[in-house]
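>>> need a structure here:
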Amino acid sequence: LSATLIAGNAFGAVSAQEAAKLGDSLTPMGAEKAGNGGAIPAWDGGLTTPPAGYKNDGIYVNPFPSEEPKFTINQSNVDQYAENLSPGQVAMIKRYDEYVMPVYE
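Down below sits the predicted model:
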């Protein structure tokens, strides 16, 4: 039991050099800012102002209400997109009829 408790404690740390990249080449959460030169654009700060209809009441407001999905991944086409999905996403789509994944540009 004591070995389990000791093994359960894990500490992560990054070097000062890596931490210095936050806000520079990394987002504040540590993701790469650069896009891939194609489908994934560079991160430029995200939403900088509240979306229309925001009331500061804790209720989510869709910042892109007029956007429509390009396509939806479901049980009928999941194998076509499986190489771009995690094994867990594929399993959820295959297992549950109502589990779908709308894909936006």
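
>>> so where's the chain uncertain?
For the chain, the stretches with pLDDT under 70 are 1-11.

>>> For it, which segments count as strands?
Counting by DSSP state E, the chain has strands at residues 71-73, 101-103.

>>> can those go into TSV with extra columns for mean neighbour count and distance to Lys94?
Heads up, the C-betas are built off the backbone N, CA and C, glycines and all. As requested, those are arranged in TSV below (neighbours: other Cβ atoms under 10 Å; distance: least, Cβ to Cβ, whole Å):
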stretch	mean neighbour count	distance to Lys94
strand 71-73	15	11
strand 101-103	13	12
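
>>> Longest helix in this protein, please.
helix 87-95 (DSSP state H).

>>> Other residues contacting that helix?
For helix 87-95, contacts defined as Cβ atoms under 8 Å, 6 or more residues apart in numbering pick out 73-75, 78, 82, 85, 99-101.

>>> Would you list the buried entries among those?
With burial judged by 16 or more other Cβ atoms under 10 Å, the buried subset of the contacts of helix 87-95 is 73, 78.

>>> mind giving me JSON lines with the contacts of helix 87-95 and columns for distance to Pro51?
Below are the contacts of helix 87-95 laid out as JSON lines (distance: Cβ to Cβ, whole Å):
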{"residue": "Ile73", "distance to Pro51": "26"}
{"residue": "Asn74", "distance to Pro51": "28"}
{"residue": "Gln75", "distance to Pro51": "32"}
{"residue": "Val78", "distance to Pro51": "31"}
{"residue": "Ala82", "distance to Pro51": "33"}
{"residue": "Leu85", "distance to Pro51": "28"}
{"residue": "Tyr99", "distance to Pro51": "27"}
{"residue": "Val100", "distance to Pro51": "24"}
{"residue": "Met101", "distance to Pro51": "23"}
